[in-house]
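Undergrad: 3D model of this:
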Amino acid sequence: MFLKKNVLLTAVFAMSMAPLLPAWAGTAAETAPHTAAVKAMTPQATIDSLDAALLKAMHGGSKIGYHGRYAIISPVVRQVYDFTRIAHLTLGDTWTKLSSAQQKAFVEVLADYTAATYAARFNNYAGEHFAVVSSQNMQPGTEGVFSTLTMHNGKVHRFDYLLQQQDGHWRIVNVVADGVSDLSLKRAEYTETIKSKGFAALVAHLKAQIAGYANGRS
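TA: Below is the predicted model of the structure:
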């Protein structure tokens with residue numbers, strides 16, 4: 001567990017160097033249904049909520065199809081993730097150079113992309129189960145929740161979440177899957193795309209990936 005905690009602690013340090021977001025930052029997530037329930041959740045309960053939605057979608061599988069799975073996952077994903085915070089941390093200095101409209105558009109496409117990825121990849125059920133192993137306070141307002149996904153063949157995957165609290169809400173700001181930080185991957189890919197092709201190209205690329213998931217391409 002030392003390795004995964006060390007990865008999360010590195011992320012905590014990186015986030016501590018970034019300024020807090022303006023008051024409108026939570027708008028996309030806070031307009032989702034059942035926000036009051038999310039506000040009352042503990043960090044572990046937030047992860048349990050995500051896992052429950054994924055399992056429900058997996059049980060639906062091909063019977064409900066991609067769009068049915070997306071319909072189950074998307075509202076929960078928008079509740080439990082802080083996409084504005086993630087967008088800011090991912091884009092770094094570029095974020096502050098975007099207009100308010102561009103920032104909101106990017107947050108929306110990032111939320112859509114995350115839900116689409118889950119819907120495409122968690123597409124069937126064969127006895128898998130999630131379990132929260134432990135949680136740890138990283139610093140005030142920041143919690144690490146360490147979990148596993150056990151496959152039907154016994155293989156175990158780690159999903160370690162970093163959550164932050166703002167205005168009473170516990171939301172995910174990073175996921176470390178089997179030791180690989182999603183935030184770090186996004187930062188590297190998105191920064192390079194913006195540098196070489198521009199912000200509009202990044203948005204178009206993400207939208208193309210979303211369309212690909214919807215059409216059965218992953």
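Undergrad: what's the burial count for residue 211?
TA: By the criterion of other CB atoms under 10 Å, residue 211 has 11 neighbours. Any C-beta I mention is one placed from the backbone N, CA and C, and that applies to glycine too.
Undergrad: hmm, residue 159 is touching residue 149, no?
TA: Yes: using CB atoms under 8 Å, residue 159 is in contact with residue 149, at 6.2 Å.
Undergrad: what touches both of these two?
TA: Residues touching both residue 159 and residue 149 (CB atoms under 8 Å, 6 or more residues apart in numbering): residue 130.
Undergrad: between these two, point out the one with more neighbours.
TA: Ranked by neighbour count (other CB under 10 Å), residue 159 and residue 149 place residue 159 first, with 21 against 18.
Undergrad: which residue is nearest the middle of this structure?
TA: In the chain, the C-alpha nearest the mean C-alpha coordinate belongs to residue 81, at 5.2 Å (CA atoms, centre = their mean).
Undergrad: the residue lying closest to that one once chain neighbours are set aside: which element?
TA: Closest residue in space to residue 81, ignoring its immediate chain neighbours: residue 172 at 4.8 Å, by CB to CB, 6 or more residues apart in numbering. Per DSSP states H and E: residue 172 is located in strand 169-177.
Undergrad: okay, now residue 174: neighbour count?
TA: When counting by other CB under 10 Å, one arrives at 27 neighbours for residue 174.
Undergrad: do residue 93 as well
TA: 7.
Undergrad: just checking, residue 216 touches residue 66?
TA: Yes: using CB under 8 Å as the test, residue 216 is close enough to residue 66 to be in contact (7.1 Å).
Undergrad: those two: who's more crowded?
TA: Regarding residue 216 and residue 66, a neighbour count based on other CB under 10 Å identifies residue 66 as having more, with 18 against 10.
Undergrad: quick one: contacts for the residue lying closest to residue 214 once chain neighbours are set aside?
TA: The spatial neighbour of residue 214 that comes closest, neighbours along the chain excluded (CB to CB, 6+ apart), is residue 66 at 6.0 Å. Applying CB under 8 Å, 6+ apart to residue 66 gives the contacts 119, 120, 123, 213, 214, 216.
Undergrad: what's the local residue count around the third one?
TA: So that's residue 123. 18.
Undergrad: also the first one?
TA: Counted by other CB under 10 Å, the residues lying close to residue 119 total 26.
Undergrad: for the chain, name the helix or strand with the lowest mean pLDDT.
TA: Here the helix or strand of the chain ranked lowest by mean pLDDT, DSSP states H and E is helix 27-30, holding a mean of 36.
Undergrad: how about JSON lines for the contacts of residue 66, with secondary structure and pLDDT added?
TA: JSON lines is the format used below for those (DSSP: H, G, I helix; E, B strand; the rest coil; pLDDT from 0 to 100):
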{"residue": "119", "secondary structure": "helix", "pLDDT": "98"}
{"residue": "120", "secondary structure": "helix", "pLDDT": "97"}
{"residue": "123", "secondary structure": "coil", "pLDDT": "96"}
{"residue": "213", "secondary structure": "helix", "pLDDT": "96"}
{"residue": "214", "secondary structure": "helix", "pLDDT": "93"}
{"residue": "216", "secondary structure": "coil", "pLDDT": "84"}
